[in-house]
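Visitor: build the 3D model from these lines:
(2 chains)
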Amino acid sequence: MADDFYNHQEIEPKWREYWRDQKLHEARDDDPRPKYYCLDMFPYPSGSGLHVGHWRSYVLPDCWSRYKWLQGYKVLHPMGWDAFGSPAENDAIKKGIQPAIGTRNNIENFKRQLNEIGAIYDWTREVNTTDPGYYKWTQWIFVQMFKHDLAYKTFMPVNWCPSCKTGIANEDVVNGRCERCGAEVTKKELNQWMLRITRYADRLLDNLKDLDWPDKVKTMQANWIGRSEGAEVTFQAIKTDGTHVPVRIFTTRPDTLFGATYMVLAPEHPLVGELTTAGRRDEVQVYLDKVKSESDVDRAAKTEKTGAFTGSYAINPVNHAKIPVWIADYVLMGYGTGAIMAVPAHDERDHEFATLFGLPIVEVIQSPAGIEKEAYCGEGTMINSGEFTGRPSTEGKTAIVVWLQAKGVGKGTINYKLRDWVFSRQRYWGEPIPIIHCPKCGSVPVDEKDLPVRLPEVERYQPTGTGESPLAAIVEWVNVPCPKCSGPAKRETDTMPQWAGSSWYFLRYASPHATGALVSEEGKPWLPIDMYVGGIEHAVLHLLYSRFFTMFLCDIGVVPFDEPFKRLFNQGMITYIGKSGKVEKMSKSKGNVVNPDGLVQEFGCDSLRMYELFVGPPELDAEWNDKGIEGVYRFLKRAWHWVTMHNGRWSAAPSKEMLVLRHLLVKNVTDRLESFRMNTIVSSFMEFVNEVTSMRKAPDKATVEVFLVAIAPFAPHFAEELWSRTGHSPSVFFQSWPKWDETYTTADTVTVAVQINGKLRGTIVVKAEAGEAEVMTAASQNPDVARYLDGKQIRKQVYVKNRILNLVVS
RNA sequence: GCGAAAGUGGCGGAAUUGGCAGACGCGCUAGACUUAGGAUCUAGUGGGGUAACCCGUGAGGGUUCGAGUCCCUCCUUUCGCACCA
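Guide: Modelled structure (predicted):
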């Protein structure tokens, strides 16, 4: 019958419509079941379509959500749009389409394509960061941060992307290049809004240990925060006029203080001028000019150290040694105090520098291999260290800090690599920063009742490049009365980075339509997120910012938790041979995209879903194979045939063998789901179908039911159709996840491998849990084994129950 | 340079975590059904050897009755950090 073949083209749209009509995807606040919040990282709605690489990231969370659903949870699985940001703006500039309109069109297209995946998103909770009803709350958070002294404006050199024509955050700079466009980043002095994320540094670090996240991501965040304990020590530098000026340095090795043989200031250090002697002025100036002309990229690529002597000296507080003060660009102004004591004997960088410029090297930690050839950075016994000589360096660390503190020349301190977050962008397409500058009252936040500050329409979107956003040109928008004194004032014209809206969107899904609060009381029980799925590329930026926002919102009572994502899973990317001939990440720019539309047409959405899982371990990158989907398609067809050919003619009672297969399937699929080995789940189903079809007997109804429920999260249309055809209603998703019975998954007979001298010589079938003597008897009767035992003496026998018998003979 | 992960047939990948290496799929070979097959089904498929057997998880060593799995040395690939004192 024509009706009996697996017609995916017919059944897939039908069931999608059914789910939509039945509102199967909607998460209801009043649903009494326990909640489960599964979240996909929301996309930027780009104009180019979804390729099979995108598909992979949406399939896994959908399968997981459907699994959780069958387990009896009310599942929140929402979707939205991270729609602010340069691409829409650049499009606007290029094609003359307003970003708002371009974005709307892209979202339409994206939604249609997501629908093809068969994913159950709750579209009633869709959020869009560019919606004024949404960014009202992004601005509200900024105002709260301002009120809590977490947002401040300051004039400082920031990373400037000459191509995007905007200042960007440290996190946006990758190897000296702009993370968005790849242009070399330069420095620019700008008056910028900053967020004091550093205030949360310790908490951001300490909380990591309790998160169920991949260690890799935790490590990356910990490294980014870069906490290091040490001491700040004050040296007295002698100025050209003979007076002393304190220079503070940071060190993690106070135990090596006696080995400081020179000092280095960052070229940008404020004391460089005062400490440069007349005789050295020219040389120092040449060096400063050279450093200034170098980009970060050049500076990073440089292998040899450079520097210049200022001509001045400083006094080491512990031994009053007079040591020269140098400047060198291996010392960074942005970290610690911008000055170091150099201990060439016990620091690689200092050693290299000292060797190059002929500076003295004094050993103060006993070094196994000496310190002439290279620095010794380990611990050991302190030597040449005055009263501390003879003590272990680990002890010396604290002892010297105590000593410094008592003398008032230093103290224990902690430094972080993490910097405050540059939050201003001089671009059009972002949330206006809700601040009004009043000549009398200073920076005044916009009244909460006046939020949102809507983004006005402009004629020109082009970034000006002057350090001002295009908004600055809209006089009627900029000029407003001061909220405090009503005098003439001006709006802030910088906008927020794209990260702003994505740093809290996951909270808004809980109550996307609430007008009186960021999260309503009804919405709160959905939070926090139980499972967050997305790419590793957000390991630092998005995830760190989101944690910071959540901590702050927790502190001001908006949410009752300070970590938003309990569990994180990073999906690997899909790779494919690109036009370069190499295997690369699948992307439009690499010219190696595989369009899913044709595959859906030919093999169906369910085949593609299952192949996306089957392609490889979900956490690893996987290379796309054009033929691979055919295997999954064949499997679905075989399974379809198996069910339909026996439909209604089920065997009355399951055979023992069938029961074993059924329970083993449930056990395998469940175990593999829980451990996220999605690729092997597909294998489990294939093995099951291979087995049951080769039995050439009708299955019992219960086995088929279990099979259909178990496969429903992965091939939902397929499962629904067969569920209905086998006389069930309503949806298969109203069933509950099947359980297995250990009595069937543990066989009564087992095959035991028999090895002679570690080599497999035969296998024997024995009762499960059989004793060693019994197995030994069976083994010696097995001809394959016996021939190796003939005339030999058994020296040793090792038996591992139900697995293996190894006989050592001679 | 530092750190992390990984290296298994022609290919993607399995392996209950120390116990029969190569599940499952792709590809390939042979056969069946077919006017036909790029459909479907059946059988086979790590390498060598007529065979008994031997060899096989990047390379080399070690621990063990037994190692893809643990330890040491090295090589390669990918990712992250990259003068953070």
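
Visitor: does the closest residue to RNA strand B within chain A count as helix, strand or coil?
Guide: Closest contact between chain A and RNA strand B, by C-beta to the nearest atom of the strand, is at A:Gly631 (2.3 Å). Where C-beta positions appear, they are placed from N, C-alpha and C, glycine not excepted. Following DSSP: H, G, I helix; E, B strand; the rest coil, we place A:Gly631 in the helix state.

Visitor: what's the spacing between it and A:Thr466?
Guide: 59 Å (C-beta to C-beta, to the nearest Å).

Visitor: please compare those two by neighbour count and tell me which comes out ahead.
Guide: Counted by other C-beta atoms under 10 Å, A:Gly631 and A:Thr466 do not tie: A:Gly631 has more neighbours, with 16 against 9.

Visitor: for my notes, confirm A:Ala231 occurs in a strand.
Guide: Yes - the assignment for A:Ala231 by three-state DSSP puts it in a strand.

Visitor: my read: it touches A:Pro254, true?
Guide: Yes - in this structure, A:Ala231 is within contact of A:Pro254 by C-beta atoms under 8 Å, at 4.2 Å.

Visitor: common neighbours of those two, please.
Guide: Shared contacts of A:Ala231 and A:Pro254, defined by C-beta atoms under 8 Å, 6 or more residues apart in numbering, comprise A:Ile400, A:Val401, A:Leu404, A:Gly410.

Visitor: tally of neighbours for the third one?
Guide: Taking other C-beta under 10 Å as the neighbour definition, A:Leu404 ends up with a count of 21.

Visitor: pretty sure it sits against A:Lys411.
Guide: Yes - the criterion here is C-beta under 8 Å, and A:Leu404 meets it with A:Lys411 at 6.7 Å.

Visitor: overlap in contacts of the two?
Guide: The overlap between the contact sets of A:Leu404 and A:Lys411 (C-beta under 8 Å, 6+ apart) consists of A:Ala231.

Visitor: who in the stretch 651-800 of chain A is up against RNA strand B?
Guide: Residues of the stretch 651-800 of chain A that fall close to RNA strand B, judged by C-beta under 7 Å from any atom of the strand: A:677, A:679-680, A:682-683, A:686-687, A:690, A:693-694, A:751, A:753, A:755, A:757-760, A:763, A:787, A:796, A:798, A:800.

Visitor: quick check: A:Glu126 vs A:Pro45, distance?
Guide: From A:Glu126 to A:Pro45 the distance is 11 Å (C-beta to C-beta).

Visitor: for A:Glu584, same thing?
Guide: Per C-beta to C-beta, A:Glu584 is found 24 Å from A:Pro45.

Visitor: more neighbours: which of those two?
Guide: More neighbours surround A:Pro45 than the other of A:Glu584 and A:Pro45, with 23 against 17 (other C-beta under 10 Å).

Visitor: contacts only, for that one.
Guide: Listed by C-beta under 8 Å, 6+ apart, the contact partners of A:Pro45 are A:Trp81, A:Asp82, A:Ala83, A:Thr103, A:Asn106, A:Ile107, A:Asn109, A:Phe110.

Visitor: likewise A:Glu674?
Guide: Taking C-beta under 8 Å, 6+ apart, one finds nothing in contact with A:Glu674.

Visitor: same question, the one 3 residues further on
Guide: Contacts of A:Arg677 were listed using C-beta under 8 Å, 6+ apart, and they are A:Pro617, A:Pro618.
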